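Asks: sequence? don't have it. structure:
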């Protein structure tokens, strides 16, 4: 084992937060698959109405939006809006050599807020609650990217 | 301050361009929030019609698409299609040790074209104008990724 | 040529796979443009109905969804759900110092499955076939991210 991840505590912190967020985002696709299987619908492509081993009794209604599936798709879309830029911002942020405790607060804090946002969205909490779970994560991204921009110009 | 960003002018160039693009993408979510607040609508989740402190008088029409909100969502979606792969392509590109001036032209040029694309889309310029602002950025991504692919196989 | 890409075979492997996936994702936008041009429709913004040099005879029907265009948009969206997290997972994975052969199997294998997924989706194969092409790629992302998470905590 000659992994370079553990040599640098900042990199290890980032790698843990980043990999958890990647696993979370990738899991949303599987959750979509699970729900499409449960409701036998929520499909999107016309060819998904062809009779196959996994869809023995196709029905045109399978192409209609299904709220149980659409909910997970909205959560997934919210991940796509946030996780990729978090992954890039976090990596550049640790290159600015921040204090380890601050990097841990920001990076692990982000993971926690995304987990809370997921629970709030999946269980259909009010818009206010969902927004309150989303906001700190977005502010963390803005803070890290702002810090990187300043560091890049020598401030 | 022991940031490693400034040790390498190529990395500093990338970090500045990347952080600006991250800030831009993250800002699109806030612009969506701003417009949803202004028009009191353009929501997407059924639970957003529940009465809350931020939405004291819910109305089913709040779930209908609102063009002012949808416009920002289209701009945001265009960012999602372009910024994450720009962030990855730019990082790998500077690892190919390009001339600094060329890296600056490509990376800062990308930032400028995305800013122009944003203005063109937000102010509803014609499809031709918007396409003309999008095209150079996409070509920059293709060029950088192509250069990386060649460098990776030793060309 | 002082590229650092070739100094490390793991990095060169990642750079090749990553750049090919970036080129693939960026190409989806151009394929959308090509199909919009061919069918003279599938537009999304109201202003796209203004008369311009590229659209001399606008028609309200140009804003209706066009299946040939929507198919490429669905493929593009699937890329957005998968490629950015693949790019991040693959980069962190090579930092765990895996055996070169395993990194090559996972990273090049991912590229191959995405190419097959593209062909299956573009030619409207059944949902079962498309899912079979998507699944190995998603498992590769989950495996790499899981390995990174373990390495980050010293396992």
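Replies: Yep, that arrived. The structure presented is a predicted model; accordingly, all values stated were derived computationally and were not measured.

Asks: okay, and for chain A, where does confidence drop off?
Replies: Residue ranges of chain A with pLDDT under 70: A:1-3.

Asks: Around chain C, which positions in it sit nearby?
Replies: A:1-6, A:11-13, A:15-16, A:18-20, A:22-23, A:25-26, A:28-30, A:33, A:43-48, A:50, A:52-55, A:76, A:80, A:83-84, A:87-88 (CB under 8 Å from any CB of the partner chain). In this view, the C-beta of every residue, glycine as well, is placed from N, C-alpha and C.

Asks: Buried only: go through those residues for me.
Replies: With neighbours counted by 16 or more other CB atoms under 10 Å in any protein chain shown, the residues of chain A next to chain C contain buried members at A:3, A:5, A:11-13, A:15-16, A:18-20, A:22-23, A:25-26, A:28-29, A:33, A:43, A:45, A:47-48, A:52, A:55, A:76, A:80, A:83-84, A:87-88.

Asks: Spatially central, which residue of chain A would that be?
Replies: residue A:79 (3.5 Å; CA atoms, centre = their mean).

Asks: Test my guess that residue A:118 contacts residue A:72.
Replies: No. Taking contacts as CB atoms under 8 Å, residue A:118 lies outside contact range of residue A:72: 10.0 Å.

Asks: Which one's more surrounded, the two?
Replies: Shown here are residue A:118 and residue A:72; by other CB atoms under 10 Å in any protein chain shown, residue A:72 has more neighbours (23 against 19).

Asks: residues touching the more buried one, list them.
Replies: A:28, A:31-32, A:35, A:122 (CB atoms under 8 Å, 6 or more residues apart in numbering or on different chains).

Asks: PyMOL command to pick out the buried ones of those residues?
Replies: Selection command for PyMOL covering only the buried members of the contacts of residue A:72, criterion 16+ other CB under 10 Å:
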select buried, chain A and resi 28+31+32+35
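
Asks: In the contacts of residue A:72, find the pair that's most separated.
Replies: A:32 and A:122 (12.1 Å; CB to CB).

Asks: biggest helix in chain A by residues?
Replies: Longest helix of chain A, by residue count under DSSP state H: helix A:9-39.

Asks: Tell me the helix or strand right after that helix.
Replies: Using DSSP states H and E, the next helix or strand after helix A:9-39 towards the C-terminus is helix A:67-94.

Asks: C-terminal to that following helix, what's the next element?
Replies: Next helix or strand after helix A:67-94 toward the C-terminus (DSSP H and E): helix A:100-122.

Asks: how near is the residue of chain A positioned farthest from its centre to residue A:50?
Replies: In chain A, residue A:57 marks the outermost C-alpha relative to the chain mean, sitting 33.8 Å out by CA atoms, centre = their mean. Per CB to CB, to the nearest Å, residue A:57 is found 12 Å from residue A:50.

Asks: thinking again about what came up before, identify, from the contacts of residue A:72, the entry nearest to chain C.
Replies: Among those, residue A:28 lies closest to chain C (CB to the nearest CB), at 8.0 Å.

Asks: doesn't residue A:82 make contact with that closest one?
Replies: No. Judged on CB under 8 Å, residue A:28 makes no contact with residue A:82 at a distance of 12.0 Å.

Asks: if I look at the residue farthest from the centre of chain A, how far off is residue A:49?
Replies: 11 Å.

Asks: Residue A:108 now?
Replies: Residue A:108 is 45 Å from residue A:49, by CB to CB.

Asks: between those two, who's got more neighbours?
Replies: residue A:49 (17 against 14).

Asks: ok, the residue nearest to the more buried one when sequence neighbours are not counted - how many residues close by?
Replies: For residue A:49, ignoring the flanking residues on the chain, the nearest one in space by CB to CB, 6 or more residues apart in numbering or on different chains is residue A:58 at 4.4 Å. Using other CB under 10 Å, residue A:58 has 16 neighbouring residues.

Asks: my read: residue A:58 touches residue A:47, true?
Replies: No. Residue A:58 is beyond contact range of residue A:47, at 10.2 Å (criterion: CB under 8 Å).

Asks: re the thing from before, Provide a list of residues in contact with the residue nearest to residue A:49.
Replies: A:48-51.

Asks: of all those residues, which two lie farthest apart?
Replies: For these, the farthest-apart pair by CB to CB is A:48 and A:51; their separation is 10.7 Å.

Asks: Spell out which parts of chain A neighbour chain B.
Replies: A:67, A:71, A:74, A:80-82, A:84-85, A:88-89, A:92, A:95-97, A:121, A:124-128, A:130-131, A:138, A:141-142, A:145-146, A:148-149, A:151-154.

Asks: Try it again at 6 Å.
Replies: A:80, A:84-85, A:88-89, A:92, A:95-97, A:124, A:126-128, A:138, A:141-142, A:145, A:148-149, A:151-152, A:154 (CB under 6 Å from any CB of the partner chain).

Asks: Selection in PyMOL covering whichever of the residues you listed are buried, please.
Replies: In PyMOL, this line selects whichever of the residues of chain A next to chain B come out buried by 16+ other CB under 10 Å:
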select buried, chain A and resi 80+84+85+88+89+92+95+96+126+127+138+141+142+145+148+149+151+152
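
Asks: returning to that earlier point: show me which of the contacts of residue A:58 is closest to chain B.
Replies: residue A:48 (22.9 Å).

Asks: Test my guess that residue A:36 contacts residue A:48.
Replies: No. Contact criterion CB atoms under 6 Å: residue A:36 and residue A:48 do not qualify, at 9.2 Å.
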